[in-house]
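K.L.:
Have a look at this prediction, sequence included:
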Amino acid sequence: MDVGCDNLALLATHHSLLASMSHTTQGTLLLDRLGIAYTLHPYEYDPDAPRIGLHAAETLGIDPSQTFKTLMAEVDGKPVCVVVPSDTEVSMKKLAACFGGKSGAMMKVPDAERLTGYKVGGIGPFGQKRRLPTALDETAELYDTIYINAGQRGLLLSIAPADAAKAAEMIVADLTA
């Protein structure tokens with residue numbers, strides 16, 4: 001009986017979050033324009049969480065390897081976007097090779113926010129202010145659905161990996177360390 005009450009409380013919290021936040025981001029607008037199906041999944045964003053993607057997965061009860069984080073990086077000094085499972089790290093060597101470069105590095109936060117139009121913790125690969133070369137880790141293809149930031153802190157979307165790759169014109173490659 002307590003489990004049922006806990007589930008009802010969780011469901012009520014989920015619906016309250018869904019009702020209180022805007023569901024429209026540049027990312028959802030792009031997916032709507034393209035006619036790509038997705039489902040929104042709000043969660044309580046914790047700015048103090050050491051790893052936002054893992055926090056989101058835990059909060060929503062989703063496998064962390066099915067929850068993908070969007071990171072902004074540079075390959076040979078040029079900006080790129082990389083989408084990898086939240087429980088992994090990007091291999092800068094593999095990332096550079098994916099884009100035909102020699103070296104990769106994480107982008108500075110102010111640069112990432114300026115280029116994408118999103119705040120760190122809410123960066124998604126869809127509808128960024130400036131279209132950048134984007135890569136998706138090949139493990140996405142292991143799932144029927146993956147979870148990716150919708151372009152707002154506290155809001156993921158679930159989407160078919162092939163649709164995600166199409167919407168953001170992603171290269172699918174082995175990107176993790």
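P.N.:
All right, it came through fine.

K.L.:
Could you tell me how many residues sit around residue 142?
P.N.:
When neighbours are counted by other C-beta atoms under 10 Å, residue 142 registers 12. C-betas here are computed from N, CA, C, even on glycine.

K.L.:
and if you look at residue 35?
P.N.:
Applying other C-beta under 10 Å, we find 7 other residues in the vicinity of residue 35.

K.L.:
Next up, phi/psi of it, please.
P.N.:
Backbone geometry at residue 35, expressed as degrees, to the nearest 10, gives phi 70, psi 30.

K.L.:
Using neighbour counts, pick out the buried residues of stretch 108-126.
P.N.:
Applying a neighbour-count criterion of 16 or more other C-beta atoms under 10 Å, one finds 112-113, 115-116, 118, 120-126 buried in stretch 108-126.

K.L.:
Residue 82: which of these is nearest?
P.N.:
For the buried residues of stretch 108-126, the closest approach to residue 82 (C-beta to C-beta) belongs to residue 125, at 8.8 Å.

K.L.:
was I right about the closest one contacting residue 83?
P.N.:
Yes - taking C-beta atoms under 8 Å as the definition, residue 125 is a contact partner of residue 83 at 5.3 Å.

K.L.:
Mutual contacts of the two, please.
P.N.:
Common contact partners of residue 125 and residue 83 (C-beta atoms under 8 Å, 6 or more residues apart in numbering): 70, 134, 136, 148, 164, 168, 170.
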